[in-house]
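Peer 1: Let's see this in three dimensions:
(2 chains)
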Amino acid sequence: MSDSVVDPEEVRHVADLARVDLDDAAVERFTEQFADILAYFETLDEVPEIEREEELANVMRPDEAHECLSQEEALRNAAETEDGFFKGPRVS
Amino acid sequence: MTAKAVESGDLATVIGLEVHVQLETETKIFCGCSTDVEDDEPNTHTCPVCLGLPGALPVLNEGAVEAAVKIGKAIDADIPEETTFHRKNYYYPDLPKNFQITQYDAPICQDGELEFSVEGQRTSVGIRRAHLEEDPGSLQHKGGSIDTADYTLVDYNRAGTPLMEIVTRPDFRSPDEVRAFLAKLEEVLEYLGVFDATRDGSLRVDANLSIVDAEEVSGDGTIDASVLEDANRTEVKNISSHKGAEKALAYEETRQKNAISRGRAVEQETRHWDESKGITLSMRSKEEEKDYRYFREADLPPLRVSHWKDEIPIPELPDARRERFQSEYGLSDEAASKLTSTKQVADFYEDVAEQFDPDLAATWVADNLLGELNYRDMLLTDVADRFDEVTRLVELVAEEEITAKNARETVLRSMLDDELDPDTIVEQEGLGKTGEDEVAAAVTEAIEENPDAVEDFHAGEDGALNFLVGQVMQKTGGSADPGQVNQLLRDELT
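Peer 2: Numbering: from 1, shown residues only, chains lettered A, B, ... in the order given. Okay, the predicted model is just below:
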């Protein structure tokens, strides 16, 4: 796929926004892959339109409380916790 | 900006606001977790939706939409035929999904306005839009400030609380206008029953401020859009109260004017209001709008609720109620304004006014009660469970059981300071109006004990009667009616 569609600076910017640290080799790899992914959408554009289901609107639920997860359940996937909180690095 | 304007200091301040208010619903905006979090343990009001777990799907809370429509009605906004939700993408642990569900190009309320008064002057500010979104969770930066902390603790109890973001036009010309607007906005929201001002963090404000040449302000107070576009503005974040808004913006106004008068340009940037230090500080620049990569939230179908505007009733709003108080109870504009300042005050006033004389009720609620509460830094909410006692006190005055002076200066104060009920205080202090016999006896006594004063009275000395009245008042412990004593003495002496 052509490298001209996506340039490495864009990949670095997107990585920065996602707080992901990429080395030069990874940037090069992702630059190619981003271009590939965008090309897939071009392929999708070639799919003929089909009749859509009628569009939904106003899907709402009444303002009634349901049971919540326990603190233990809520924290089960957390790598680190402290006093019932999720614990993570400094985030300035 | 012209050099002349800079030199003469003939500058005008332009302020616009983004006000975030938490909507008072039972549950979060996209899941059924209760919003009644208060002092609960962290992370005990969560579910797969507000924790952003894979596969969880948001479902919109009808109550939040109703609240939004009510707000739209109250600010006279348009509710468009169709409104939609978007994802605002950013990576910060306060939202575990890495995006916030909000509204972008089709907000639920557009083009409204809110009228308020500043120092007796009625004015109005345009509301560009108001939209629904979810509140993020709350972070604690441990072991230092946000920049120096050792680590972060995250609580998602608040994550998903419904928020309305209300965006004004840049119509404010001074920080005190902002304060008055915010007070009025809170008042209206409380009247609507969609907002609880006592909840911590229920109102948060971001403000944009810039300085322009005063000559650019036209006669009707408007400023050309291109002038505003050219003026460098700062966005001040982290404001959490009316007073804070006024202080933060007064600081920022002075800071920008000082920069301009020294010939320096104001940098377009985001600044953080440090409440404890009373200053604004430059924040490291964050994402630009395009970096949020807004796109339609495919999990939430569009909303078509413009007809709700006709179907959902809203209560009488403060302005209408103020006018009614003037016509119905014959109150002055000032008294009516005071008595409609919050829904609770107005409701309580009406309750008292229905039982007693409306003027007496106004004096008691607006002047005496609110005055004594204000002196103690208390709100009417703080005595909400003692309205019966206050009503009883007004009754004691209305039925002339005690004098107005004693009621105000002794009973009311003791009620607030000692938490006693009015009848107990009246009894303890012996304030009940003395029986007629007792007053008559005191009059006779005073005359017998003070022949000199009686003589002076007959000689035409004005002070003598007052002296005798004082003697009688002393004998009755101040509970006799001075006018009545005066009359009795005259009757006896002439």
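Peer 1: what helix or strand is B:Glu165 on?
Peer 2: Secondary structure from DSSP states H and E places B:Glu165 in strand B:162-168.
Peer 1: which non-adjacent residue is nearest the residue of chain A found nearest chain B?
Peer 2: For chain A and chain B, the shortest gap (CB to the nearest CB) falls at A:Asp63, measuring 3.0 Å. The way it works is simple: take the backbone N, C-alpha and C, and place the C-beta from them, glycine included. The shortest distance from A:Asp63 to any residue that is not its chain neighbour, by CB to CB, 6 or more residues apart in numbering or on different chains, is 3.0 Å, and that residue is B:Gly63.
Peer 1: Look up how far B:Val266 lies from the residue most central in space within chain B.
Peer 2: What sits nearest the mean C-alpha location of chain B, by CA atoms, centre = their mean, is B:Ala183, with 4.3 Å. From B:Ala183 over to B:Val266 the distance is 28 Å, taken as CB to CB, to the nearest Å.
Peer 1: mind listing what's buried in the helix or strand where B:Val472 lies?
Peer 2: Using DSSP H and E, the element containing B:Val472 is helix B:462-475. By neighbour count with 16 or more other CB atoms under 10 Å in any protein chain shown, helix B:462-475 contains the buried residues B:Ala464, B:Leu465, B:Leu468, B:Val469, B:Gln471, B:Val472, B:Met473, B:Lys475.
Peer 1: so who does the third one touch?
Peer 2: Read it as B:Leu468. Contacts of B:Leu468 were listed using CB atoms under 8 Å, 6 or more residues apart in numbering or on different chains, and they are B:Ala446, B:Ile447, B:Asn450, B:Ala453, B:Val454, B:Phe457, B:Leu489.
Peer 1: got a list of what the first one touches?
Peer 2: Shown here is B:Ala446, whose contacts under the criterion CB under 8 Å, 6+ apart are B:Leu468, B:Gln471, B:Val472, B:Lys475, B:Leu489.
Peer 1: next one: the fifth one
Peer 2: Shown here is B:Val454, whose contacts under the criterion CB under 8 Å, 6+ apart are B:Ile447, B:Ala464, B:Leu468, B:Leu493.
Peer 1: from those residues, which single one is nearest chain A?
Peer 2: Here the nearest of the contacts of B:Val454 to chain A, counting by CB to the nearest CB, is B:Leu468; it sits at 69.9 Å.
Peer 1: Which positions in the stretch 201-350 of chain B make contact with chain A?
Peer 2: Contact residues of the stretch 201-350 of chain B with respect to chain A, defined by CB under 8 Å from any CB of the partner chain, are listed as B:Arg284, B:Glu287, B:Asp291, B:Leu300, B:Pro301, B:Pro302, B:Leu303, B:Arg304, B:Val305.
Peer 1: got a winner among the contacts of B:Leu468 for most neighbours?
Peer 2: Highest neighbour count within those, by other CB atoms under 10 Å in any protein chain shown: B:Ala446, with 24 neighbours.
Peer 1: now that one: how far from A:Glu64?
Peer 2: B:Ala446 is 72 Å from A:Glu64, where distance means CB to CB.
Peer 1: Kindly report the same for B:Glu38.
Peer 2: Distance, B:Glu38 to A:Glu64, using CB to CB: 19 Å.
Peer 1: element containing B:Asn43?
Peer 2: Element membership for B:Asn43 (DSSP H and E) is empty, with no helix or strand holding it.
Peer 1: ok, the closest residue to it other than its chain neighbours - contacts?
Peer 2: Using CB to CB, 6+ apart and skipping residues adjacent in sequence, the residue nearest B:Asn43 is A:Ala74, 4.5 Å away. If you count contacts by CB under 8 Å, 6+ apart, A:Ala74 has them with B:Asn43, B:Thr44, B:Thr46, B:Leu51, B:Tyr156.
Peer 1: repeat for B:Glu427
Peer 2: Applying CB under 8 Å, 6+ apart, no residues qualify as near B:Glu427.
Peer 1: ok, it to B:Ser414 distance?
Peer 2: For B:Glu427, the distance to B:Ser414 - CB to CB - is 12 Å.
Peer 1: One more: B:Ile211?
Peer 2: Here B:Ile211 is placed at a distance of 52 Å from B:Ser414 (CB to CB).
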